[in-house]
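*Asks:* Let's see this in three dimensions:
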Amino acid sequence: MMGTTSGVEQPPQQGPPATSPDRRCVTCGRAIEWHMNVCPYCGRDYRVVAGPPSKPRTSKPAIGGTLVIIAGILALVMGVFYIVVEPSDLDAWGYSPVSEADMSLSEVADILGTCGIIEIVIGMIAIVGGAFAIMRRSFGLAIAGAIVGMIGVGFLVGGLLGLIGLILIAISRSEF
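*Replies:* Purely as a prediction, here's the structure:
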């Protein structure tokens with residue numbers, strides 16, 4: 001039996017193999033002396049201990065963040081629209097809140113302005129959250145941005161984009 005003495009198995013010897021005083025560098029493939037800690041050709045350091053494995057990198061946070069940013073931009077556009085539109089313009093589009101809800105034009109303008117400001121704030125939060133998702137910086141802010149992004153633009157297209165972005169960000173939590 002090889003490596004045994006009187007029936008007790010001995011551990012294999014550490015060090016250079018008996019046949020060759022050289023070894024091949026795992027990076028560049030050149031022959032280097034067995035005792036060298038750094039390859040003189042490529043600089044590979046054999047004293048460095050491998051760290052923890054790197055985090056998996058998929059495109060889910062980037063896609064989710066992009067969808068949340070689009071939802072945020074839609075909310076911003078809607079907010080600006082609410083602020084810019086005149087209550088008298090609503091009559092031309094077939095909706096007359098003054099006659100239907102018994103409100104004055106200034107009350108309608110105040111409501112539109114308030115809704116516009118709320119939509120703009122929602123849009124900005126969603127854009128920031130989407131950016132954090134793309135950068136994989138803060139999972140909590142990315143999720144918050146996606147949730148807020150779902151609220152913008154009256155739960156229509158922005159809500160759907162925000163929901164898809166929220167799901168993609170949530171399932172890629174390990175990448176943050």
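*Asks:* quick check: longest helix of the protein.
*Replies:* What stands out as the longest helix in the chain, according to DSSP state H, is helix 105-135.
*Asks:* For the residue minimising distance to the centre of the chain, give me its contacts.
*Replies:* When the chain is reduced to its mean C-alpha position, the nearest residue by Cα atoms, centre = their mean turns out to be Ala133, at 2.6 Å. Shown in contact with Ala133 (Cβ atoms under 8 Å, 6 or more residues apart in numbering): 61-62, 64-65, 68, 142, 145-146, 165, 169. (Glycine included, C-beta is placed from N, CA and C.)
*Asks:* Next: Ile151.
*Replies:* Counting by Cβ under 8 Å, 6+ apart, Ile151 touches 75, 122, 159, 162.
*Asks:* Most widely separated two among those?
*Replies:* Maximum pairwise distance among those (Cβ to Cβ): 11.0 Å, between Ile122 and Gly159.
*Asks:* Now list whatever residues contact both of these two.
*Replies:* Joint contacts of Ile122 and Gly159 (Cβ under 8 Å, 6+ apart) are 151-152.
*Asks:* Neighbour count: these two, which is higher?
*Replies:* Ile122 (25 against 18; other Cβ atoms under 10 Å).
*Asks:* If I look at that one, what pLDDT would I see?
*Replies:* Here the pLDDT value assigned to Ile122 is 93.
*Asks:* Domain boundaries for the protein, per the record?
*Replies:* Annotated domains of the chain cover 19-49, 60-175 [automatic domain parsing].
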